[in-house]
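Undergrad: Generate a structure from the sequence data that follows.
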Amino acid sequence: MPVLIVSGTGTEIGKTVVTAAVAAVALAQGRTVAVLKPAQTGVAPGEPGDVDEVIRLAGGVTTVELARFPEPLAPATAARRAGAPPVRPEEIAETAGKLATEHDLVLVEGAGGLLVRFDDEGGTLADAARLLAAPVLVVAPAGLGTLNMTALTAEALDARGLMALGVVIGSWPAVPDLAARCNPAELPGVAGAPLLGALPDGAGGLAAPRFRASAAGWLAPALGGDWDAARFAADAADAALPGTGAR
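TA: You can find the predicted model right below:
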C-alpha cells in the first residue's frame, strides 16, 4: 500500500486529522511518509494549510501542495474564479507516483468528497485513484446521515472499480447520540469495507506529543494501530439499548 487516497463523504469531517493520525502511526513504526494535498482551497497565501496541520500533529513527513486557491470552494470553481490553472488527476497521479518511489507511504488527501471536481473536464480524486490503482480510505461523520453518504461513496467507488480500504469515523463525540451509537455496527455493511478507526472529537486540538502517542489507539491494525472495531461497535450498540439512558 505505497499510496493511500484519503477521501471524505463530505467536507469538514476530519480528513486532515485522520491523515495526520495515519501518518503518525506510520512514522512511529519507522516508515517514511509523504502527504500530498492536490488542491488547498479557502486559505490565503502564507497561511497554514492542511499539510501544515499534518506536520504539526504527526511530525516529520514530506508534504506537497500542488495548488492553493483563496476561496473556500470546490477546486475547479476556486481555480476558475482565481484565474489560475486547475489541478488535473494526471498531475496528482504523477506527483504521488514520484513520491512513492522515495517514501514507504504516500497519503493523498482530497478536498471534500470523492467526486468533487478538480477541473472543468470533470476530473476528480476518484480519477487520480484509478490512475494510481490506489485504495481509498473513506472518512465519515459519526451521526445521522452518515450511512447514506457512505453508501453513495461506496457505490461511486465500486462503479469505477476502486477499492475502499475501509472507513474511519473522523470525529467521535464525547457524548454520542442514538444515531452515532448505532452507526458503527452499520457502517461496514453500507461501505462494503471494514470500520478501521474512530478519532475522538477534538483530537486535532491535542498537543502534538499526546496526539502522536494516542494515534495508534484510534486506528485498526490495517492502518498500523491497535484499535478494536468489533469491541468499539459492540460498546456503542450496548449503550444504545433501551433502558441504558442513551438519547
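Undergrad: make it CA atoms for all contacts and neighbour counts henceforth
TA: Fine.
Undergrad: Walking through this structure, point out its helices one by one.
TA: Ranges of helices in the chain, per DSSP state H, are 15-28, 50-58, 75-82, 89-100, 125-132, 146-159, 178-191, 208-214, 229-239.
Undergrad: The last one versus helix 178-191: what angle between them?
TA: So that's helix 229-239. Helix 229-239 and helix 178-191 are oriented at 140 degrees to each other (axes from the mean of the first three to the mean of the last three CA atoms, to 10 degrees).
Undergrad: could I get helix 229-239 in PDB with only the CA atoms?
TA: Taking C-alpha atoms only, helix 229-239 is exported to PDB below (Å, rounded to 0.1, in the frame of the first residue of the first chain):
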ATOM      1  CA  ALA A 229     -13.500  -2.200  15.700                       C
ATOM      2  CA  ALA A 230     -15.700  -5.100  17.000                       C
ATOM      3  CA  ARG A 231     -15.400  -4.000  20.600                       C
ATOM      4  CA  PHE A 232     -16.000  -0.400  19.700                       C
ATOM      5  CA  ALA A 233     -19.100  -1.200  17.800                       C
ATOM      6  CA  ALA A 234     -20.400  -3.500  20.500                       C
ATOM      7  CA  ASP A 235     -19.900  -1.000  23.200                       C
ATOM      8  CA  ALA A 236     -21.600   1.700  21.200                       C
ATOM      9  CA  ALA A 237     -24.500  -0.600  20.400                       C
ATOM     10  CA  ASP A 238     -24.900  -1.700  24.000                       C
ATOM     11  CA  ALA A 239     -25.100   2.000  25.100                       C
END
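Undergrad: how about it: buried residues?
TA: 229, 232-233, 236-237, 239 (16 or more other CA atoms under 10 Å).
Undergrad: What is the most widely separated pair among those?
TA: Across these, no pair lies farther apart than Ala229 and Ala239, at 15.5 Å, counting by CA to CA.
Undergrad: start to end distance for stretch 22-36?
TA: End-to-end distance of stretch 22-36 (CA to CA, to the nearest Å): 13 Å.
Undergrad: Also stretch 63-82?
TA: Span of stretch 63-82 from end to end, CA to CA: 23 Å.
Undergrad: which outside residues touch that stretch?
TA: Surrounding stretch 63-82, the residues in contact under the criterion CA atoms under 8 Å, 6 or more residues apart in numbering are 34-45, 51, 55, 85-87, 111-112, 116-120.
Undergrad: All set, thanks.
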